[in-house]
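Chemist: sequence and predicted structure below; questions after.
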Amino acid sequence: MDRNVSLTQQLEDAGGPVLLVNKFDVAADEVDQFLAAWADDAKYFKRQPGYISAQLHRGIAGSCVFLNVAVWESVDHFRNAFAKPEFRDKLSHYPSSAVASPHLFRKVAVSDVCVA
């Protein structure tokens, strides 16, 4: 998502909580395969320490763009779950058309609007 900051750089950060936002572009004929792979990943992550929640969204009007929003207690927790061979092996279950764009975020406080 940010051409100047890679996921690898983000995983070097410490602290939390963090929000993982992962945009997926998927071919229309591979949506079912994508959903099955994502569901399998989500079940894996739910069992990991530091996982709080996840929600998958789909673009409207026939879009094949998906957005995964997951909350983690810390970058450390996410990094540990992301680095395990059990998860890395699951990546091959995604369809060949799936292009992921993950990025980690933290809440930002804006006076009179929102709190961090």
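Modeler: Okay, I see it.
Chemist: and the helices in this structure?
Modeler: Shown for the chain, the helices assigned by DSSP state H span residues 7-11, 31-46, 75-83, 85-90.
Chemist: which of these has the lowest mean pLDDT?
Modeler: Comparing mean pLDDT across the helices of the chain, the weakest is helix 85-90, with a mean of 88.
Chemist: who's the most centrally placed residue in the chain bridged to?
Modeler: What sits nearest the mean C-alpha location of the chain, by Cα atoms, centre = their mean, is residue 22, with 4.0 Å. With DSSP bridges as the criterion, residue 22 is bridged to residue 68, residue 102.
Chemist: so the residue nearest to residue 38 when sequence neighbours are not counted versus residue 37, what's the distance?
Modeler: Leaving out its chain neighbours, the residue that sits closest to residue 38 by Cβ to Cβ, 6 or more residues apart in numbering is residue 56, at 6.1 Å. The way it works is simple: take the backbone N, C-alpha and C, and place the C-beta from them, glycine included. Distance, residue 56 to residue 37, by Cβ to Cβ, to the nearest Å: 11 Å.
Chemist: now residue 15
Modeler: Distance from residue 15 to residue 37, by Cβ to Cβ: 30 Å.
Chemist: of the two, give the one with the bigger neighbour count.
Modeler: Comparing residue 15 with residue 37 by other Cβ atoms under 10 Å, the one with more neighbours is residue 37, at 20 against 9.
Chemist: count of residues packed around the nearest residue to that one once chain neighbours are set aside?
Modeler: Closest residue to residue 37 apart from its sequence neighbours, by Cβ to Cβ, 6+ apart: residue 93 at 4.2 Å. The local packing of residue 93 (other Cβ under 10 Å) involves 14 other residues.
Chemist: list the contacts for residue 93?
Modeler: Residue 93 makes contacts with 33, 36, 37, 40, as judged by Cβ atoms under 8 Å, 6 or more residues apart in numbering.
Chemist: try 10 Å this time
Modeler: 33, 34, 36, 37, 38, 40, 41 (Cβ atoms under 10 Å, 6 or more residues apart in numbering).
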